[in-house]
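Visitor: this one's sequence-less:
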């Protein structure tokens, strides 16, 4: 991991993959729930179209789950509002929904999103972020590396 030069776009790629992997994990089932009733056997003509077919993508690989765990830890470094914005965008939500959820205007939500990506990239690259550096200054300092 140390040989990677982290950029905001690379951080975003990891977050999008993490959201995708989390959605592909198997559903959690409640343990201990059982029924003593026998299963209902239906005739074909009764059950045709009874339930919608649920198509799922195959489960993620172990390496993808490890990358997801790593990316989810990065959200802990951020302010809760910034972490929520990052996660909503990684999950594929539109800016309108992100703005409704966060209570921010479109430009402010976009600036928080950019700042959070730049902040994570700086921390992963081992750079210390000065306390007096504003959101705009950090984004501008990362602008040349954003690629």
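Guide: Yes, it's here. Just so we're clear, the structure is a prediction, and the values are computed from it rather than from any experiment. Numbers count the residues shown, from 1 in each chain.
Visitor: Packing partners of the strand or helix carrying residue 110?
Guide: If you go by DSSP states H and E, residue 110 is part of helix 106-124. Packing partners of helix 106-124 (3 or more C-beta pairs under 8 Å, 6 or more residues apart in numbering; DSSP states H and E): helix 8-24, helix 62-74, helix 80-90, helix 95-102, helix 135-142. C-beta coordinates here come from the backbone N, C-alpha and C atoms, glycine included.
Visitor: which one of those is the most hemmed in?
Guide: Most buried of the helices and strands packed on helix 106-124, by mean neighbour count (mean count of other C-beta atoms under 10 Å): helix 80-90, with a mean of 20.
Visitor: Show me the contact partners of that helix.
Guide: With C-beta atoms under 8 Å, 6 or more residues apart in numbering as the test, helix 80-90 has contacts from 12, 15-16, 18-19, 75-76, 78, 97-98, 101-102, 104, 109, 112-113, 115-117, 119.
Visitor: got the angle for that helix vs helix 135-142?
Guide: Using axes from the mean of the first three to the mean of the last three C-alpha atoms, to 10 degrees, the inter-axis angle of helix 80-90 relative to helix 135-142 is 50 degrees.
Visitor: Tell me how far helix 80-90 lies from the chain's centre.
Guide: Between the centre of helix 80-90 and the centre of its chain there are 8 Å (C-alpha atoms, centre = their mean, to the nearest Å).
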